[in-house]
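Turn this into a structure:
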Amino acid sequence: MFASLRRYALAAVLMLLAPVAHAADTPALNDQVLGKADAPVTINEYSSYTCPHCAAFHVENRPWLIKTFVETGRAKLVFVDYPLDGLAMAAAMLVHSAPAETQPTLSDTLFAEQNSWATAQNPRQALGTIAGLAGMSPAQVDAALADKGLFQALLDRRAYAFDKLGVDSTPTLIINGQKVMANASHDELTKAIETAEAALKK
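All right, here's what the predicted structure looks like:
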């Protein structure tokens, strides 16, 4: 069902080759957050732009989660990049570098059109075209993909999620600290969120 550790191992090669950045050079990551800031339950979604299971999640469970729990104020949903390969990393860097108002649309488009750009003969060019639709010029695309600080920040956070949170496949949800398979049934996801709500009342 989920992207396996074999794909993570491929991504680990990137980590070995990653440029070393000083803490001062590593930017803060502005994540996409849906819902009220003070919502009692936080759902962190760990996804990779090249993961087909993540694309399926964005078509199936994610809209349901948003309608059922985010729009009703019971939870907020935070998208957290977990790039499994170099192409997913490039996509994540473009989203973080796009104008803030177009980032959610760009992210949604990358998942919706995954079959086209991720398998294109020139995926780098295909990514640039999609980023252009989100308001990025070719120069901005080049600058985003050359941003060593951003690259390192994304790598560092992925390593933290793997080492400290046990995120070893995508898509994965962390609901108030508890790991849940994102493509679980609606009943299972509801139970996980209700368990988080009940824990807050103790």
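
Could I get the full set of helices for the protein?
Counting by DSSP state H, the chain has helices at residues 5-17, 52-59, 61-65, 86-97, 103-112, 114-117, 123-133, 138-145, 148-164, 186-201.

Any stretches of the protein with poor pLDDT?
1-28 (pLDDT under 70).

one more time with 50, if that's ok
By pLDDT under 50, the low-scoring segments of the chain are 1-27.

Include mean neighbour count when you put the helices of the chain into a markdown table, please.
Heads up, the C-betas are built off the backbone N, CA and C, glycines and all. Shown next, in a markdown table, are the helices of the chain (neighbours: other Cβ atoms under 10 Å):
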| stretch | mean neighbour count |
| --- | --- |
| helix 5-17 | 13 |
| helix 52-59 | 19 |
| helix 61-65 | 18 |
| helix 86-97 | 23 |
| helix 103-112 | 18 |
| helix 114-117 | 16 |
| helix 123-133 | 17 |
| helix 138-145 | 16 |
| helix 148-164 | 17 |
| helix 186-201 | 14 |
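
Among those, which comes closest to N44?
helix 148-164 (8.8 Å; Cβ to Cβ).

Check which helices and strands that closest one is in contact with.
Using 3 or more Cβ pairs under 8 Å, 6 or more residues apart in numbering; DSSP states H and E as the contact test, the elements touching helix 148-164 are helix 5-17, strand 75-81, helix 86-97.

Identify the residue nearest the geometric centre of this structure.
Centrality entry for the chain: nearest residue to the mean C-alpha point is D81, 2.9 Å, by Cα atoms, centre = their mean.

check contacts around the residue nearest to that one when sequence neighbours are not counted.
Nearest in space to D81, with sequence neighbours left out and distances taken as Cβ to Cβ, 6 or more residues apart in numbering, is A92 at 4.1 Å. Listed by Cβ atoms under 8 Å, 6 or more residues apart in numbering, the contact set of A92 reads 49, 81, 83, 154.
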